[in-house]
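*Asks:* Here's a sequence, model it:
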Amino acid sequence: MSDTMKTYKCNLCGKIFKRRDNLNCHIRVHTGERPFKCQLCHKSFKLAWDVKVHVRSVHENTKPFKCPFCGYGTNRSEYLDNHIRKHIREKPFECHLCEREFSSSNSRSNHLRTFTHPQNGNGKSTVVQIDLNNVQPTIAMKKEKLEKLEEEIRTHKATAVELDVEIRTREDIVEKMNKEIQARKAAKNDLNARIRNGELAARKLKKEVESQELCRGAKD
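*Replies:* Predicted coordinates for the structure are as follows:
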């Protein structure tokens, strides 16, 4: 078995991917292609998953991930995780330069991009340029908080499964409704065509009747 894994490189920017389908999705960033459309509003997206998120958040306004403390709802599990940390004051993401802690990786990333850190104890402060991809989160959660979060996650996962079934059911209903709408539009177009043909035939017959009546009047 070969030790080297086959990779796929973008010819436009040089970025490398392990899977061809990931490369195909990435190329749409360059081309602007949006092949996936919402059947309800016809808005286009680059990924099929983006359509599902769009339908859930815009058309159905579904927020399956609920905070057990305040009732806050969201359609993304990672948003809920960041939100819950604010309640329990958990800050697992630490700045390796100043040891300041944050409740989310985004907050820490913004801090690293903008905060001025002192260097070498010389009293001078400069913005430290670092590779954010190499910064690993420091996990320092207390046991009771961890157990509580794990229980909440299990509950949310069970709820998410139920909602996924409900969403698929609604998607099937929407698909059937769209088919019914298309069928009714076709029937309406057929009726309109029959009406137009009937009106043309009626005008033709009317002219023939009027012509015959004129001829009869002339003979009398």
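*Asks:* Please state the offset of the longest helix anywhere in the chain from the chain centre?
*Replies:* If you go by DSSP state H, the chain has its longest helix at helix 143-219. When distances are taken as CA atoms, centre = their mean, to the nearest Å, helix 143-219 is centred 25 Å away from the chain's centroid.
*Asks:* elements contacting it?
*Replies:* In terms of contacts (3 or more CB pairs under 8 Å, 6 or more residues apart in numbering; DSSP states H and E), helix 143-219 is packed against strand 65-66, helix 77-88. C-beta here means a position set from N, CA and C on the backbone, and glycine is covered the same way.
*Asks:* Report the rounded mean pLDDT for that helix.
*Replies:* Mean pLDDT, helix 143-219: 81.
*Asks:* got the angle for it vs helix 77-88?
*Replies:* Interaxial angle of helix 143-219 relative to helix 77-88 (axes from the mean of the first three to the mean of the last three CA atoms, to 10 degrees): 140 degrees.
*Asks:* heads up, I number from 758, so please use that
*Replies:* Yep, numbering from 758; the last one is helix 900-976 now.
*Asks:* and the helices and strands packed on helix 900-976, which is most packed in?
*Replies:* strand 822-823 (a mean of 18; mean count of other CB atoms under 10 Å).
*Asks:* following that strand, which helix or strand shows up next?
*Replies:* As assigned by DSSP states H and E, the chain's next helix or strand after strand 822-823 is strand 830-831.
*Asks:* chain center to that next one, what's the gap?
*Replies:* 15 Å.
*Asks:* What strands line up against that strand, and which way round?
*Replies:* Strand 830-831 has its sheet partners listed here by DSSP bridges as strand 822-823 (antiparallel).
*Asks:* neighbouring contacts of the strand it pairs with?
*Replies:* 829-834, 836-837, 913, 916-917 (CB atoms under 8 Å, 6 or more residues apart in numbering).
*Asks:* go again using 10 Å as the cut-off
*Replies:* 829-838, 840-841, 909, 912-913, 916-917, 920 (CB atoms under 10 Å, 6 or more residues apart in numbering).
*Asks:* swap in stretch 935-954?
*Replies:* With contacts defined as CB under 10 Å, 6+ apart, stretch 935-954 is touched by 796-797.
*Asks:* can you rerun that using 8 Å?
*Replies:* Looking at stretch 935-954 with CB under 8 Å, 6+ apart, the contacting residues turn out to be Gln796.
*Asks:* With stretch 795-809 instead?
*Replies:* Residues outside stretch 795-809 that contact it (CB under 8 Å, 6+ apart) are 782, 785-786, 790-794, 811-812, 815-816, 924, 931-932, 935.
*Asks:* Neighbour-wise, give me the winner out of those residues.
*Replies:* Val812 (20 neighbours; other CB atoms under 10 Å).
*Asks:* Next, the contact list for it, please.
*Replies:* Applying CB under 8 Å, 6+ apart, the residues contacting Val812 are 795, 797, 928.
*Asks:* Next: Ile841.
*Replies:* Taking CB under 8 Å, 6+ apart, one finds 824-826, 847, 906, 909 in contact with Ile841.
*Asks:* Reformat the residues you listed into CSV and put neighbour count and distance to Glu858 next to each item.
*Replies:* Formatted as CSV, these follow (neighbours: other CB atoms under 10 Å; distance: CB to CB, whole Å):
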residue, neighbour count, distance to Glu858
Cys824, 15, 21
Pro825, 14, 23
Phe826, 12, 20
Glu847, 19, 9
Leu906, 16, 17
Glu909, 17, 21
